[in-house]
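Trainee: just a sequence and a predicted model for now, questions to come.
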Amino acid sequence: MPIKIPNNLPAADILRDENIFVMTETRAQSQDIRPLKILFLNVMPTKIATETQFCRLFSNTPIQIEIELIHTASHESKNVSTEHILSFYKTFDDIKDNNYDGLIITGAPVELLEFEEVEYWDEIKEILEWSKEHVTSTVHVCWGAQAGLYYHYGIKKVKLPKKLSGVYLHKKEDAKNELFRGMDDEFYIPHSRNTTVLKEDIESIDELNILAESDEAGVFAVETEDGKQIFIMGHPEYDTETLNNEFIRDLNAGLNPEVPANYYPDDDYSKNPVNKWRSQASMIYINWINHVYQVTPYDLNDIGKS
């Protein structure tokens with residue numbers, strides 16, 4: 001089934017060029033189907049690229065999905081036009097009276113700041129609290145995962161000795177968990193971050209379960225016992241070129257970055273990187289959507305009543 005996205009969103013043309021079926025709002029209004037409503041809080045500076053990456057993953061599910069985009073009103077985006085924000089994004093105040101089947105909270109390049117130093121932290125806290133009663137299941141990604149673990153459970157992030165950048169091998173810790181159904185026992189996922197969350201801190205919280213981890217990259221996926229909160233430490237949504245773009249950006253800025261691990265053939269950044277994670281990333285989000293479809297009420301007004 002297609003994903004329903006706002007008319008004229010740039011991601012639509014990109015995905016159509018990839019032969020992915022996208023349904024605009026106008027076409028969807030003619031169908032008598034209750035799509036899953038997914039709220040997408042995008043705090044990445046590269047908003048259009050991030051929108052496209054997640055829409056691509058959602059397009060592989062057999063369930064019709066309606067995407068609604070929000071941004072933080074307390075922060076002005078500098079890497080995307082005001083016209084794009086005004087055309088396609090709402091604020092939390094616009095949607096806070098609604099309920100949603102799912103919520104995605106993206107990463108953000110603010111991990112070296114304390115959470116309380118982040119310009120929009122108060123707004124993030126409000127959304128995290130709101131999500132407990134208004135959303136069936138929330139996926140927090142990278143910094144979003146660290147923010148969620150800190151807000152909900154008081155788990156602090158820890159600065160790494162050097163940036164973790166590359167594509168790392170992971171293994172499932174809970175082979176029967178729905179999020180990794182149908183996936184290989186071992187799989188690759190990209191990471192790009194300067195901070196981490198310690199395994200022992202997660203294990204100290206009884207209601208948190210570690211689903212997958214990496215010897216090199218640490219804990220990858222965590223879920224609450226009730227399945228309402230999922231924390232993804234890496235970036236399964238990344239395109240093939242995303243790590244390369246970040247590496248070249250840092251190289252040109254004189255930051256002397258290390259070559260992303262397990263990414264370029266022979267670790268030679270003059271060669272085209274190889275995507276080792278696309279199918280696994282699709283499976284993670286297909287499984288999440290299937291889980292949400294099975295547990296969310298048909299009437300959105302019933303979310304949070306149980």
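Mentor: Great, that's in hand.
Trainee: okay, CA-based contacts and neighbour counts for the rest of this
Mentor: Will do.
Trainee: so residue 187 sits against residue 212, correct?
Mentor: No - checked against Cα atoms under 8 Å, the pair residue 187 and residue 212 is beyond contact range at 9.8 Å.
Trainee: name the residues contacting each of these two.
Mentor: 170, 171 (Cα atoms under 8 Å, 6 or more residues apart in numbering).
Trainee: higher neighbour count, the two?
Mentor: Taking other Cα atoms under 10 Å, residue 187 and residue 212 do not tie; residue 212 has more neighbours (22 against 19).
Trainee: what bridges to that one?
Mentor: Counting by DSSP bridges, residue 212 is bridged to residue 172, residue 221.
Trainee: now do it against residue 223, distance only.
Mentor: Distance, residue 212 to residue 223, using Cα to Cα, to the nearest Å: 10 Å.
Trainee: residues shared between the contacts of those two?
Mentor: With Cα under 8 Å, 6+ apart, residue 212 and residue 223 have no common neighbours.
Trainee: would you map the strands across this structure?
Mentor: Here the chain has its strands, by DSSP state E, at 3-5, 22-24, 36-41, 65-70, 89-90, 100-105, 135-141, 158-172, 186-196, 208-214, 218-224, 229-232.
Trainee: so what's the gap between the shortest one and the chain middle?
Mentor: Yep, that's strand 89-90 we're talking about. 18 Å (Cα atoms, centre = their mean, to the nearest Å).
Trainee: contacts for that strand, please.
Mentor: 68, 69, 70, 71.
Trainee: before we move on, back to that, for residue 285, find the nearest of the strands of the chain.
Mentor: strand 135-141 (9.6 Å; Cα to Cα).
Trainee: got the buried residues for the closest one?
Mentor: The neighbour-count check on strand 135-141 (16 or more other Cα atoms under 10 Å) flags 135, 136, 137, 138, 139, 140, 141 as buried.
Trainee: so, low pLDDT: which residues of the protein?
Mentor: For the chain, the stretches with pLDDT under 70 are 1-5, 7, 12, 15-16, 18-32, 79, 306.
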